[in-house]
Every structure is written in structure tokens, then in C-alpha cells.
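Student: quick one, fold the following:
(chains A and B)
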Amino acid sequence: MTTEEPLIPSALALHKRAVGHLVTVFEDPRAAAGPRRARVLAALDRTSARRGRVIGVTGAPGAGKSTLLGELATRLIAAAPGRAVAVLAVDPSSPVSGGALLGDRTRVRFPPDERRLFFRSQASAGELGGLARATFQVCRLLTRLFDVVFVETVGVGQSEIEIVRVADRTYLIVPPLAGDHVQFMKAGIMEVPDGFIVSKADVGDAADATFHALRASLRLSRPGHEPALHRVSARTGDGLDALAAEIATAPIGGGVDARAPYFFEKWVAAEHGRRGLERLAAAGGAADFVDASGGFEGAQAAFG
Amino acid sequence: MSSRTPPAPHVLTGKDGEPTRDAPWIFRTYAGHSSPRASNALYRQNLDKGQTGLSIAFDLPTQCGYSSDDPIARPEVGKVGVPINSLDDFHVLFDGIPLDRMNTSMTINGTAMWLLALYVALARERGVPEAELKGTTQNDIVKEYLARGTYIFPPEHSLRLVAETYEYCVDKVPEWNPSNICSYHLQEAGATPVQEVAFALANAIGILDLLKARGRIDDERFARCVGRISFFVNAGIRFVEELCKMRAFADLWDEICEQRYDIGNPKYRLFRYGVQVNSLGLTESQPENNAWRILLEALGVTLSRRARCRALQLPTWNEAMSLPRPWDQQWSLRLQQILAFETDLLEYPDLFDGSPVVQSKAAEIANGARAEVERIVAMGGVRAAVDAGYMKSQLVRSMAERMARINRGDQVVVGVNKWTEGLPSPLVGGDDGGVFRVEARAIDEALAALAETRRRRDPARVAAALARLDAAARSGDNLMEPSIECALARVTTGEWAGALRKVFGEYRALTGIDGQTLDLPGERLTALRARIERFAAAHGHRPRMVVGKPGLDGHSNGAEVIAVAARHAGFDVVYSGIRLTPEEIVASAVEEDADLIGVSILSGSHLELTDQVMAALKAHEAEIPVVLGGIVPRADVPALEGKGVRRVFTPADFQLVDVIEKMMDVIDAPAA
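Tutor: Numbering: from 1, shown residues only, chains lettered A, B, ... in the order given. Here you go, the predicted model:
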């Protein structure tokens, strides 16, 4: 049952086929996939100590997320020969058919033979919060292979800002004419992101107006520790190098693995409901339980 | 002055009051293939047969601004039209054709300014005054973003090129129609008559508003620009409605010119249009029936004198199967000649003035279209509506509804969903199977001519011309004269577009596929969804499919409909978009760990592109099954299957549930 293990050396060499196959294993919702994931992670950790940072990028449809990520990824690998970058683009699934139409790829054009760039689409599979069930799992894999892992989600309000749970740093992309500062305040998402990016700066006045409205709102809502605020154009390249440099040096909190308790608790809630959560609390809470079980898969197995 | 009794209402009289007969419209055939030499021979042959104007089809590299030797261009050279790399090619293409007496229509958009510059340069080298040139560049960039896909630059820069051709032509080539607003492709993309009228008129308003806002021409010139706007319209099988649509078009255009632009001279408010009748409704099964469809569609745009087309080009009976052969084109031309010269159609005044039915129907279309135009103008105009994806999503919805009606059998298509049993057609029985094949040597000829041009030209003049083009692009000066100098210097098509790409950037399209649904038959859909759920349970993921269009062909409707249908059935569909190399599509599918690759190819390059797809899969050591959809002659299916394509879908496979089921069969079946 070790069909994945022969793929490990290829995956570490960033062969697209091997990485692509492994991502599928990490997206697999079936219980049997847990041990397979654990074996892959163990094998990777024996060979490599790579731990990339997860950068969340969220914003309304049409804000320019994918186009911007394409440009940023290209700049990031050009700036450092050993650096590799992955993009995980999460889109909603249809509540009717369960299927999804994932179109972010149309905005990104990577050279097909460049192994240091990897793009994967992911369907949110009905999960609320704009973050797919499997996003955390796939980030565990990708941060062991890539230095920067972008997670792109459609975010339009508070409930979609769940991305901060998996990302080391989260940016909200605001297109020009997104609204005046009252609307920014009302949207209630000003408090969450670590940084803000006004996109499509090449349109001129509208982008300037949005930038200034956003800055004013941030001074009001987060006085004293205003988050980073960028103004960029994917078309002209303005502002991209500074943003790429900030991303390349963003601190990695505890890394993706430190997020395991939160996602384990979500898993318990989904699989075992309120009873499960009560049982988890009685056992000392998610953090202790995951720790005592030797990690996420161990905790899943132990919880039953 | 004699006091004669006025002629009877059915008598058509000329300016002298004597009974007369109308001159016929211009007869054209959309043509061009292989090489400038072969196309020139075809044009001369067609003109000898009584064709009265030229309609030039360019190959996709020329339309998208690539020279024939560009890697992305090579599978497409000479396929859907003639390759034009430099002015040398134009000399061959128009050899023996008098420019001052010819009316030439060029179906060209993203590179329209370049082809117009080549035509003007050709006239200069031949000593023909450019003011005597007559014809049309399609140059309607908005519909490229909406339906046809041969755009190059972002909209603001593309629209600048369109505006500058007007600003140049109004003084220098006053009888040229700088652009031809197309509703043709909107109908192909699924537009209803109201949408077709509204989107085309909104598009024309967009150009005229832009010319006004740029302020580079005075009011007198502006009025002449209004008079030069022409339209290119589609005529479908519902020919009474089409006739009414044309009258609505004319009425509404007159109203807009007068009210919005204050154009006093009625001559400048005339709705002047050419027609290519609909290819969308032509069927691959029982293809001989298409001859009758074409005839009926031609009636819709010729019967009403007041809304009769200025130029007509008819498709051929076999267009759903392949590009037409010369004989097929001759057969369509003969239809026009019989209609114009054998029948009495041109002897009467308008047949429908005063008809309450026609008036009411035309008014209904005009009212719906007026409301839609106002909606688009209120959104900020056609440019904003394109940016927001509004028009595209409306079109994809209409297309989905049309497919749904055919699927349900509500819309009868004879030989397709009704009376499907028929005798074998002798028309497809010849040695060539009734389809046209491009000469394989076309590419060699194009490449040799291109190499010869590069060898003989003056590099210093080329560099200077490109530098001047670059400077004008940056400064905002009119690009026509620098482009003409590029043409004279033997700059190539790829170099001209490349220089502007550097300044303007390239455009990536919105898809319009989000949030669309299809009405598929209930029971079978339920069964199909159950099957897909079983697959997901067994494999730990839904069937994943990467859909993309390799090559330069931008007709994205088919790929979009399949993507929407597959999602509707429960697939996770990764839509990778259009104008991709086969290597890019395969790399996407490998990264996505796809269960299936679906490629859509309508350009006739399916054999070459399939080879590239298979080679790329091999390079990745990936074994992902491939299905292919598009306009593929039946005779090519075995060859494609031999190359490893698991299933070929053609226009005959219109039942979307069948298509999705067959795709599931491919995914479920172990590789051969």
C-alpha cells in the first residue's frame, strides 16, 4: 500500500506529475488516506527540512488575485535561483451538482517546463469560510516542497476570511473603485488581514482614491499598528518587487504544522459533531490531544 | 412636364421616374487558404465566375499578430485563411487584381490596422491613389473579447487602434469602412435577436463616443465617420424574424445617429450592412439539408428592400464538416446569382412597408434592444460591460438556453433531433469525402517567402520603422503612418504586433462561464450524477477534467459549453482557457492530476496539435486520457484515434448528456 513512496524523490525534485499525484492524496477525504499522508510526510521529512511560508491572498471575484499571483510568483523565482513557488487557487463548488468550474488558471501563465512554479486548483467542496476542507492538508505537503505557497481564496466578507487560519501572512486585495472608506469599515474585514494590496494601480485616479480611502480607514480601525499597504499593477509591474521582497521575508509563525489543532478540531466537529467536541474538551483540548497523539493523523486514529 | 399617372405601388421607379430594377448587392465569398499564391488563383477564379467583391480570410497567426515561423503559429499556418507575413505577400495576393476597382473586405481585427497599412502601402507601390481604395476592415475588437477571440492587446489600446484607423481614413481613404461592427459572431455565440441588435449598436456607440472623446476630428469629419460605420450581420434560419430584425436595426441606428450624435444628413444615418448567413445552424448530419437552410437565410436579408444587405456572403453546405472546396463556394455563389438575376426580387419597392405583422415584430425587437442599449450605456458603455463580463455572461447564458432547447427537442433541427433516418448522402461520397484539405506544402511556401523577405530587406530601414512605431505607440501619435512605413520597409506581421505588445501588453480574457447552468434531461442527469458520486467515493475525488483550447483559434463557445455541462454533472472542471500551447495544457493537466484532458479545436489543425499534446504527455510520463472536440472531418477520426485520442466529438454530438457519459466511459475504462 505504499504507492506514494516511489514518488517522493521525484516530488522533491519538483516533477509536476509526482507533486500533482501527491496533492490528490492530501485532498482525499477518506479515512484511509490519513495513514498514507503520514507516511508521505515522514518520508519527506527524512530527506528535506524545507518549510515554506503560506501566504494567503483573498479578495472579491475580479479583484485581480490570480493575475497578481502569476506575476509575483514569476518575480520570486527570478530573484533567487533556488526558490520554488506554488499557488493553490480555491474556488467554490456548485451546491447542486457538487462539481466545480475552476477558472483561475486562465489568468496565470507559467512556462510549462518551469518546475519551480506549480499551480493547482482546488474546489471548496461546500465548505463555508472560503477555505477548502483539504487546503490545510495540501499546505502541509506543499510547504515541504516549495518556499512560498500562495493560497488564493474568494473572500468577500468576514465568513470568508478563514484563510488566516492556515496562512502565515494574509493579504486582502482591493481593486480600484472597491468603495469608499465607510464601506471598508462596514465590510468588517479590516481587522483581519496582515496586509492590503490595491490592485490595477495603472488605472490611475481610481486606484489612488481607493488607496487613500483604505489608508484612512486603516488608521481609524487599527490605530498605532497599521498593516502594510501596497499599491501595485500586474500589468506595468509597479510595486511588485517591494511586495515580493516583503513576502519572501515574511516570518513563518509556527508553520503549517502548528495549525494542526485548529484543523483537528474542525475535523472532529465535522465527523463527530457536538458530542465529539465535548469528548475532545474532556480529553484536554485539541492542542494537547494532537501533541499527545504524535500529530494530526495520529490524533485522527486515536480519536476513532 | 407631362402629367403622367403615378406608377402603381408595385412598380419600382428610378430618379427619372421610369420603372427600374435595383442593382444587386455585392456578391462575395469568404475565401483564402494555404498561401498568397493559391489564394490569388482562387480569387481570380471567383471573380471570373461573377463574384463582385473580395472577402479575405486570413490565417490565425496573421489574425493574432504572429509571423508564420513563430512556434505557436506553425500548426495553424494557412489553415483557416491566407498567411500574410509582409508586403511581399500582399503583392502576390492581389496580383492581377485592380485595387482601384475592387471592393475588398478583410476579416481582420486584432491586426486590422496592420492589414490596412499593408493595403495602403501596396497601393502606394503600385501607384494607385489611396483615396480610391474601397472596402472594409472588420476591425471590431469588442466582439473579439466577447466571442471570437483574436484580440491581442488590452481593450483600451485595441480601441485606440480602431479610433486611429477612423481618424486616418476620414481624410486619406474616405471610401474605406474602417470598421464593420459585427453582430455575426454574437449570434454564433448564442445571442438572441434583441441581444444581437443591442450589443452591436452599443458597440458602434462605443466607437463613436470614443472618437468624440478623443477630439481629434471636427464635427464635419465626425459626421462622415458616422456615415462610414458599417455592420456585419448574421442571418439565421428564422427568416421572418431575421427580416424584422434587419428593419429594427435600421430604425434604431437612424434614431441613435440623429438623437445621440445630431447627424442631420440622412445619408450618414443609413444602416449599411453586409451579411454572412449563419453557420451555427448548419449540421454535420445530412449535410445536404444545409443548402436549403442557406437559401432561406439569404431570403431574410434580401426580401425587404428597405433593409436589404449591401453585400452578401453565403457559407457552404459542408461548413460543419470542413473548410469549403472551390466547387462548394461556386454552388453558394450561384444561389446569389439566381436570386438576384433569375427571380423578380429586385424589380419591386419594399414588400413589407405597411405590414402590421412585420412592423409590430420589428418594433418589439427595437424596443427590447433600445432598453438593452440603455442598460449597457448606463453601465459605462460597452468597454465597461466587457470588463465586467456582463455581455459575455449574457451570451453564454443564451447559448446554454439554446443548447437546452435542442436537447429537450423544443427546437427542431431536421436530421439532428428529428427525422434523423436518411439515405447516405452522395455529396460526401467523392474521393475527398466532400471536404477540403489544405496543401501540406503551404507552410513551406510561407516560410520560404518570409525568409526571402528578411534576406532582401534593408535592416536599417526596418529598425528605424519599428523605432518610429514604438515612439508613436508611447507618445499617443496616430499609428497608421508609422505602420505604413513599417509595411514599406518589409517589417513582418509578427514584428509589428510584437513591437506594440511591448508597449501595450497582452490581454487575458474573462471566461463568462461562472454561474452558468444548463438544462439537461432530468432522469439521465440524475443517473449520471449518481455515477459520478460513485466514482468520487471510490477514488477519493471527483472526476477532474482540464478543458483547454490549444493553438490560436479563439472560438471558445464549444469548450465553454462542455466545461459548464461537465460541472453541472458533477465534474471538477479546470478551465485553462484559450490560445495555449499544447505543452501548457498538458502541464496544467499534470499539475492538476486530471483524470481527463478535453481539447477543443476548430481551426482544422487537429492532427498537428494532437501530435504535440501526445508528445507533451510523454515528456511528463503522464498517462492522462485525451478527448477532442471540434470541427473534425469524419475521415480524420481514425487517424486521431491512432495517435491516442480516446474519443472525438464533432458537431453531431450535440447531446451534452451523451458527451459527458462518454467522457465518463473514457475515465472509467482502463487505457488500451
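
Student: need the residues that contact the one helix or strand B:L640 maps to.
Tutor: B:L640 is part of helix B:637-642, with elements assigned from DSSP states H and E. Residues outside helix B:637-642 that contact it (CB atoms under 8 Å, 6 or more residues apart in numbering or on different chains): B:H606, B:L607, B:T610, B:L628, B:V632, B:V648. All C-beta spots, glycine's among them, are computed from the backbone N, C-alpha and C.

Student: stretch B:525-540 too?
Tutor: The contact list for stretch B:525-540, computed with CB under 8 Å, 6+ apart, reads A:24, A:27-30, A:33, A:97-99, B:542-543, B:568-571, B:657, B:660-661, B:664, B:667-668.

Student: of the residues you listed, grab the buried ones for ChimeraX.
Tutor: Buried subset of the contacts of stretch B:525-540, written as a ChimeraX selection, criterion 16 or more other CB atoms under 10 Å in any protein chain shown:
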select /A:24,27,28,33,97,98,99 /B:542,543,568,569,570,571,657,660,661,664,667
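
Student: among the contacts of stretch B:525-540, which are in helices?
Tutor: If you go by DSSP state H, the contacts of stretch B:525-540 have A:T24, A:E27, A:A33, B:H568, B:A569, B:V657, B:I660, B:E661, B:M664, B:I667, B:D668 in helices.

Student: report the contact partners of the fifth one.
Tutor: Neighbouring residues of B:A569 by CB under 8 Å, 6+ apart: A:S97, A:G99, B:L520, B:L525, B:L528, B:R529, B:I532, B:V657, B:I660.

Student: farthest-apart pair in those residues, please.
Tutor: The distance between the two most remote of the contacts of B:A569 (CB to CB) is 14.2 Å, for A:G99 and B:V657.

Student: returning to what we had before: ok, the ones in helices among the contacts of stretch B:525-540 vs B:M113, which is closest?
Tutor: For the ones in helices among the contacts of stretch B:525-540, the residue nearest B:M113 by CB to CB is B:H568; the value is 41.2 Å.

Student: could you check how far that closest one is from B:E621?
Tutor: Plainly put, B:H568 is 33 Å away from B:E621 if you go by CB to CB, to the nearest Å.

Student: how about whichever residue of the stretch 201-304 of chain A sits closest to chain B, what does it touch?
Tutor: Relative to chain B, the nearest point of the stretch 201-304 of chain A is A:R235 (5.3 Å; CB to the nearest CB). Going by CB under 8 Å, 6+ apart, A:R235 touches A:K200, A:D202, B:P154, B:G505.

Student: distance-wise, check it relative to B:W25.
Tutor: For A:R235, the distance to B:W25 - CB to CB - is 44 Å.

Student: which strand or helix spans B:R579?
Tutor: strand B:572-580.

Student: so does that strand get close to chain A?
Tutor: Yes - on the criterion CB under 8 Å from any CB of the partner chain, strand B:572-580 is in touch with chain A at B:D572, B:V573, B:V574, B:Y575, B:S576, B:G577.

Student: distance to B:N40, neighbour count and pLDDT for those residues - can I get that in TSV?
Tutor: As requested, the residues of strand B:572-580 next to chain A are arranged in TSV below (distance: CB to CB, whole Å; neighbours: other CB atoms under 10 Å in any protein chain shown; pLDDT from 0 to 100):
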residue	distance to B:N40	neighbour count	pLDDT
B:D572	50	28	94
B:V573	44	31	94
B:V574	44	31	94
B:Y575	40	30	90
B:S576	38	30	85
B:G577	36	23	81
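
Student: which among those residues gets closest to B:D171?
Tutor: Among those, B:G577 lies closest to B:D171 (CB to CB), at 40.5 Å.

Student: I'd say the closest one and B:P550 touch.
Tutor: No - B:G577 is beyond contact range of B:P550, at 10.7 Å (criterion: CB atoms under 8 Å).

Student: ok, back up a step: now, the most widely separated pair of the ones in helices among the contacts of stretch B:525-540?
Tutor: The most widely separated members of these are A:A33 and B:V657, with 31.5 Å between them, by CB to CB.

Student: low pLDDT regions in chain A?
Tutor: Of all residues in chain A, those with pLDDT under 70 make up the ranges A:1-2, A:126-130, A:132, A:156-161, A:177-189.

Student: how's it carved up into domains?
Tutor: Listed domain ranges for chain A are A:1-49, A:50-253, A:260-303 (source: automatic domain parsing).

Student: so which of those is the most packed in?
Tutor: Neighbour counts (mean count of other CB atoms under 10 Å in any protein chain shown) averaged over each of these peak at domain A:50-253, with a mean of 20.

Student: can you give the distance of that domain from its chain's centre?
Tutor: In terms of CA atoms, centre = their mean, to the nearest Å, the centre of domain A:50-253 is found 8 Å from the chain centre.

Student: need the distance between the two termini of that domain.
Tutor: Length of domain A:50-253, first residue to last, CA to CA, to the nearest Å: 15 Å.

Student: can you list the strands that the helix or strand hosting A:I197 pairs with?
Tutor: Assigned by DSSP H and E, A:I197 belongs to strand A:195-198. Counting by DSSP bridges, the strands paired with strand A:195-198 are strand A:169-174 (parallel), strand A:228-231 (parallel).

Student: run through who's touching the longest one.
Tutor: Residues lying outside strand A:169-174 but in contact with it, judged by CB under 8 Å, 6+ apart, are A:53-59, A:63-65, A:68, A:155, A:161, A:163-164, A:189, A:192-199, A:210, A:214, A:247, A:250-251.

Student: then the last one?
Tutor: With contact meaning CB under 8 Å, 6+ apart, strand A:228-231 is reached by A:194-198, A:201, A:207, A:211, A:214-215, A:218, A:238-239, A:242-243, A:246.

Student: could you do stretch A:191-209 as well?
Tutor: A:57-59, A:63-65, A:68, A:158, A:161, A:164, A:169-177, A:210-211, A:214, A:218, A:221-222, A:227-236, A:238-239, A:243, A:246.
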